[in-house]
Structure formats: structure tokens, C-alpha cells
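In: the sequence and its predicted three-dimensional model are supplied below.
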Amino acid sequence: MHEDSVLYSPFSFAGGKTAVNRIVKAAMEENMAADGALPGEALYSLYRYWAHGGLGMIITGNVMIDKQAMTGPGGVALEANTPLAPFKRWASIIKSQGALAVMQLNHPGRQVFKAMQGKALAPSAVPLSMGRHSKLFATPKAMTCEDIHDVCQRFVASAKQAMQAGFDGVEIHAAHGYLLTQFLSPLTNQRQDEWGGSLMNRARLLINVISQIRAVCPRDFIVMVKLNSADFQRGGFEFSDALAVVERLQALGVDMVELSGGSYESPAMQGNTADESRLAREAYFLSFARKMVAHTEMPVMTTGGIRRADVAEQVIEQGCTMVGLASALATTPDLAQKWRKNWTYAGYIPACQWRDKTLAGLANMATVRRQLRRLGNDLTTLRAPTSWWSLILDMLQRRKLTKRYLAQGQKQHSG
């Protein structure tokens, strides 16, 4: 037994809520919503496994703030007028065994698949550069100031809804190349107004979102930010930028920053980069997290390729407050409990090694989603599923879900 490990010590947030231990289920994109982009039986079953998995905190997969701007089909959306009953049940299941429930809120910006026919907004009209895969994505429209204010209000409205549904907090997604990251990066934000140019102008939207959520939610409501340690693209958002942004977020009362990195163009969150940077084989962003901890008093969490207890413990011992697990919990949802009984037990994370890095990244995500769907259907997970078959199954599933999404959109417009 390793009950004395720092991993299993509690942590209390500044507002008063306490996580029973330091192990967090980090966000993964499940694409398992029921009709109407609402949580349903498949998600309830999936999160029940994690609720019984001995975790201190569970962060949902990204919940979209605009039903017309989705990262993919089968996503969950929470808007100002969305019915809360399904979300109340979701929160209740997550919290049923003592874990804190945090909802991740997101807007994809330009990272919208063309087949979804939705809004593809961006600070500037800079399309994704992914070689022959670029054609899969919609051409983005440069946002007007009205668009920017609308997005800000949507984040705030969704946070209020999450609070009313019984979630303990929200995590604002400003990483992985989504909209708030696009504003932060000089590669994608080429604006000449108050939303572009200097770093603080580029951070203005994120700062406004956090300020307004803090203004309308009580102090014990946890507000986290998921932030890139870097874009891992030449000329992009750098670690020194991340430090400056975190300094501002700390002043606004953010409870914790989760440090990650990368985007669709440079999937550092899967261990691959576009600028030849070398990441650790496990706990990809720990070196950045150590530097962050040295420069801020804000609690820091890091996620990225963690599958072993001794690595997770090292993350905490080197200064992070919490450690996030993602892909490893798709195959072994009770990994935190397994470590208590067998400290050397190693979780499984898919690592497709195809030459086409973009296709390999899609295959890794498809493999994870395949495992999540199995859990949602109360099936056992597969120890080492094949990348090709996982990708084919995922493409078929996404095609079916895209048709459903488009049909529901047409029904709403005609109604």
C-alpha cells in the first residue's frame, strides 16, 4: 500500500473546496453526447467508472459554449438557455464518490471540421496549416468586436449554468490551438486593434472572460485555466508569454492553471511538436511546470502522457499541486486505485508511430475515443487496439454523428 504517498494527500482550494487527493482526470474529447448536444446515458456510464476510480477531481471533456461552433460531432454544448436537468445528473454522478466536478468550457475558433458546417471564427482569417489535411477544416472568418463580446458573454453564461447544475467549478480552455489560444498566439492573432499586438492585448479576451466569471460566481466556485506552456511552433506563443499571462490570472483569483501545450498543427499534447523541441517521454510538460511553480504562487497542475505512479508522484514532489491523467484513464479508469495496490502498475497510452504525424495524432485520438465508447457501453476496454481499425471505426462514427448534428440543426432552423 502507498497510502503515505503525496499523491493521496488532500488539497484545499483558496475558496474552501477540498480534493481528497492530488490525482485528476484531465479533459478528453469523448464525442458521446446524446441528442441535442446534451449529456446522456453513454456519458453517465463513462463518468460512473471515473467516479468510482479513486480520483480527487474529475474534469469533463470540453463542453462547448456555442452549439454552432463545435470541435467535433457528438460534443456537449451548454448555452444560456440549455435545460439543466441532464447536467445536474452528470454532476451528481461525477461527485457521487467524493471527487470534485469541474466542467471544461471551450470554443474551437478555427479548429472546426468543414463537414460540421458551423461557425469557424478566429482573431484573424489565418487557416490551419496541416499540409494535405488542411482541407478537412473550415476557412475561418476574422471576428468582429461584436463576435468577441458575444464569445465572452457565452463563456460567462455557460459558467453560471455549470454552477447552477451543481459543478464545483469550471476550467477555461486556453490551450491546444482553440479560440482563446488563437488570440494568445502571434501566429494566429494578427489584429491591429485592442485585441491584438502586444501580449496583454492578445490576452484581453481570456482576462475579460475570467474577470466576468469571477464577478458572477461565488468565491468557493473553482475557476481554472488550461494554458499552453508554448505553441511549439516557431514565432508562436512562448513560455515567457505563459509566465506573463499566469501573473495576470493570479491577480484575478484563478484557483489553478493546468499547463499543457501544442495545437492541431503541433500536437505537443501527444508528445509531438512542429519546431523540433524535445519533450519528455512521460509528463511532457513537467520541465515547464517546474519553472512555472518557481515564478508563481498559483497552484499548478500538469498533464501529458502520465501513466505510472512514480512519475505522477514526481510531478507533485517537484512542485505541482495536482497531476492530470487523461489517455491512461481511457483504458484503465481505476488507475489511481490500482496504484494503491500495485505501485508499479503502468497504464496504457496509444502511441501510433506512422510517418504522417497528423494522421498518427488522429489515430491516437481515435483509439482513445474507441476505449471511451466501450466504457460508455459498459464493455471492457482493449489493452492494445490497432491504430488503423480504431481510426476507421472513429471515422465511421464521426460520419454518423455529423449527419445527426446537421439534421438536428436543420430541424431547429425549420422549427
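Out: Arrived safely, thanks for sending.
In: what about the nearest residue to residue 73 once chain neighbours are set aside, neighbour count?
Out: Distances taken as C-beta to C-beta, 6 or more residues apart in numbering put residue 401 closest to residue 73, at 3.4 Å, once the chain neighbours are dropped. For glycine as for every other residue, the C-beta is placed from the backbone atoms N, C-alpha and C. For residue 401, the count of nearby residues is 18 (other C-beta atoms under 10 Å).
In: secondary structure element for residue 401, which one?
Out: With elements taken from DSSP states H and E, the one containing residue 401 is helix 387-414.
In: show me the strands in the protein, by range?
Out: Secondary structure of the chain (DSSP state E): strands at 11-12, 18-19, 23-25, 57-59, 63-64, 76-77, 100-106, 121-122, 141-142, 169-174, 222-228, 256-260, 300-303, 322-325.
In: and those strands: which comes nearest residue 196?
Out: strand 141-142 (10.3 Å; C-beta to C-beta).
In: that closest one pairs with which strands?
Out: The strands beside strand 141-142 in its sheet (DSSP bridges) come out as strand 121-122 (parallel).
In: how far off centre is the partner strand?
Out: 19 Å (C-alpha atoms, centre = their mean, to the nearest Å).
In: and if you look at stretch 70-88?
Out: 15 Å.
In: also stretch 15-30?
Out: Computed by C-alpha atoms, centre = their mean, the chain-centroid distance of stretch 15-30 equals 12 Å.
In: just stretch 149-168 next, same as before
Out: Relative to its parent chain, stretch 149-168 has a centroid offset of 16 Å by C-alpha atoms, centre = their mean.
In: tell me how far the nearest residue in space to residue 228 that is not next to it in sequence lies from residue 341.
Out: Closest residue to residue 228 apart from its sequence neighbours, by C-beta to C-beta, 6+ apart: residue 175 at 4.5 Å. In this view, residue 175 and residue 341 are 33 Å apart by C-beta to C-beta, to the nearest Å.
In: do the same with residue 249
Out: Noted for residue 249: a distance of 38 Å to residue 341, by C-beta to C-beta.
In: please identify which of these two sits among more neighbours.
Out: In terms of neighbours (other C-beta under 10 Å), residue 249 is the more surrounded of residue 249 and residue 341; the figures are 25 against 9.
In: wait, what's in contact with the more buried one?
Out: 206, 207, 210, 225, 227, 257, 298 (C-beta atoms under 8 Å, 6 or more residues apart in numbering).
In: and of those, the nearest to residue 323?
Out: Ranked by distance to residue 323 (C-beta to C-beta), the contacts of residue 249 are led by residue 257 at 13.6 Å.
In: quick one on the thing from earlier: and residue 385, which of the strands of the chain is closest to it?
Out: strand 322-325 (18.8 Å).
In: in its sheet, what does the closest one sit against?
Out: The strands beside strand 322-325 in its sheet (DSSP bridges) come out as strand 23-25 (parallel), strand 300-303 (parallel).
In: list the buried residues in the helix or strand of the chain with the lowest mean pLDDT.
Out: Every helix and strand in the chain was compared by mean pLDDT, DSSP states H and E; the lowest is helix 387-414, with a mean of 86. With burial defined by 16 or more other C-beta atoms under 10 Å, the residues of helix 387-414 counted as buried are 387, 390, 391, 393, 394, 397, 398, 401, 402, 405.
In: same deal with stretch 343-358?
Out: So, applying 16+ other C-beta under 10 Å, buried residues of stretch 343-358: 346, 347, 348, 349, 350, 352, 357, 358.
In: for residue 334, state which of these is nearest.
Out: Distances from residue 334 to the buried residues of stretch 343-358, taken by C-beta to C-beta, are shortest for residue 347, at 10.3 Å.
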